[in-house]
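>>> sharing a model prediction with you, sequence too.
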Amino acid sequence: MAELTTGRADTFIRRRPAEVFAAVADVTRMGEWSPETVACRWLDGGQTLGARFEGDNVAALGPVTLKRWTTTSEVTEYREPAVFEFVAEGTTTWRFELTPEDDGTRVTESFSHPRTTGVQRVLYNLMGSRRRAMEKGMEQTLRRLKLALES
């Protein structure tokens, strides 16, 4: 089995798990929260196991756009109100786990993908600190999600 690169972030949101799940499982709202994914659209129905969607992404360094790309993802786990998971381009798994806690929900977002090798490893992991950038992106996504749901 290939080694994986992983990362995670979490936050507490003062809303019921069902409310939080409804927000994260509606990928058309991801552009409201993510610093990298600016828009998503369902390709075949949506919000169910096996559904596919496209995501438009932007990588920037300050005001300078470095790269734009679109991914196709498939929902690989959909257990309302506990888990929403999808795989982007058949390689990177993104997962939201929701756990009831006190008067709200603990939300954990995580990713995993096979470790890169060769030149791509040098560019993404060493020079670009891609893993840390992805973790910072998740932290920002969860802060924005919390703000939106608690206001």
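Done, it's in. Every value quoted in this text rests on a predicted model; they were computed, and no experiment measured them.

>>> and the longest helix for the protein?
helix 130-150 (DSSP state H).

>>> residues near P63, how many?
By the measure other C-beta atoms under 10 Å, the count of residues near P63 is 5. Every residue, glycine included, has its C-beta placed from N, CA and C.

>>> swap that for V64, sorry
Look at V64: counted by other C-beta under 10 Å, it has 7 neighbours.

>>> which residues does it bridge with?
L61 (DSSP bridges).

>>> the one 5 residues further on now?
Partner residues in beta bridges with W69, using DSSP bridges, are N57.

>>> if we can go back for a sec, can you name every helix or strand that the longest helix of the chain contacts?
strand 4-13, helix 17-24, strand 104-114 (3 or more C-beta pairs under 8 Å, 6 or more residues apart in numbering; DSSP states H and E).

>>> so for that helix, mean pLDDT?
The average pLDDT for helix 130-150 rounds to 92.

>>> list the contacts for the closest residue to D103 other than its chain neighbours?
Nearest non-adjacent residue to D103, counting by C-beta to C-beta, 6 or more residues apart in numbering: R14, 6.1 Å away. By C-beta atoms under 8 Å, 6 or more residues apart in numbering, the contact set of R14 is 103-104, 150.

>>> so which of those is surrounded by the most neighbours?
Neighbour counts for those, by other C-beta under 10 Å, peak at G104, which reaches 20 neighbours.
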